[in-house]
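S.K.: Need the 3D shape of this:
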Amino acid sequence: MPPCRTAPRTLQQGLLLGAAVLALAWGPAQGQSSAPPAPRPGPAPRALAQQQQLPQQPTPATPRLAQFGRESASADARRIAQWAFHSGDHRQLAVVVVDKKDAKVYVFSPDGQLQGATPALMGSAIGDHTVPGIGDKPIAQVLPAERTTPAGRFVAEPGTNASGEDVVWVDYDAAVSMHRVRANVKSERRLERLASSTPKDNRISYGCINLPVAFYEKVLSPAVRSTGAVVYVLPETRPAADLFGAYEVPGSAAPVRR
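M.R.: Numbers count the residues shown, from 1 in each chain. Coordinates of the predicted model:
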């Protein structure tokens, strides 16, 4: 199986605690007993990774916007980030925007503050789809055309890969995660690709999103583990607004790097 994919996930099982309290009260006139029904225990807590659902949280009365500060961003990255906060689509979780065309990742806190931005390595194949069953293929059988980073909206899942390394899952079933860059194969020059000034050489992975070690450990991983995050992987074969159903946020226009 691909090195990004782990064996079946070990999820923390919530402990179902319930208590039934029986109260016996005698009516002063009737002399009859009346016992209130025992409280019904709620559902067992489940990890976000297991239930694959976003928590229902109130949307702030005044919509927030993504604060890019002085960080340059493509028009699509800015548009989707602003829409995610303005619409409340992020459900008060952190927001991660992955711009495949620009080979860049942005991480925002739940209130829209930019926590960091970094170049990243993406799948070597151009495309926004996922090949069915790709997550269960041995690495040697993954064809060059199948090495895509799928576009879409995902709920981030902290976990581990087959080597026991902690990763942030984007799409577990497709074996796509965000993790520290690995420079194991010198001929791939992954560190040099990250450090280059152009995104043209950042397409090298089997589909996973490779990040600088410091960014993964100090920005992405803490954000996901602290508040949870929604990951928006921007498409490269169709308009981003169409994929997410996003609209142009009024008054959010700002100079962007094309």
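S.K.: Number of residues surrounding the spatially closest residue to residue 169 that is not a sequence neighbour?
M.R.: Taking Cβ to Cβ, 6 or more residues apart in numbering, and ignoring the residues beside it in sequence, residue 169 has residue 157 as its nearest neighbour in space, at 3.9 Å. Glycine gets a C-beta too; all of them are placed from N, C-alpha and C. Neighbours of residue 157 under the rule other Cβ atoms under 10 Å: 23.
S.K.: Which parts of this structure are helices?
M.R.: Remark: helices of the chain, listed N- to C-terminal, are 48-51, 75-87, 190-195, 213-215, 221-227, 240-244; assignment by DSSP state H.
S.K.: tell me which residues of the fourth one are tucked away?
M.R.: In other words, helix 213-215. By neighbour count, with 16 or more other Cβ atoms under 10 Å as the criterion, the buried positions of helix 213-215 are residue 215.
S.K.: heads up, I number from 102, so please use that
M.R.: OK, 102 is where the count begins now, so the last one is helix 314-316.
S.K.: Can you name the residues in contact with that helix?
M.R.: With contact meaning Cβ atoms under 8 Å, 6 or more residues apart in numbering, helix 314-316 is reached by 206, 217, 219, 281, 282.
S.K.: and if you look at stretch 304-312?
M.R.: Applying Cβ under 8 Å, 6+ apart, the set of residues contacting stretch 304-312 from outside is 103-105, 199, 204, 206, 219, 221-227, 235, 240, 243, 248-251, 271, 275-283, 289, 291, 294-295, 321.
S.K.: what's the span of it from first residue to last?
M.R.: Criterion Cα to Cα, to the nearest Å; first-to-last residue distance in stretch 304-312 is 13 Å.
S.K.: Residue 291 is in contact with residue 222, isn't it?
M.R.: Yes: applying Cβ atoms under 8 Å, one finds residue 291 in contact with residue 222, separated by 6.1 Å.
S.K.: which one of those two has more residues nearby?
M.R.: Set side by side, residue 291 and residue 222 give different neighbour counts by other Cβ under 10 Å, the larger being at residue 222 (25 against 19).
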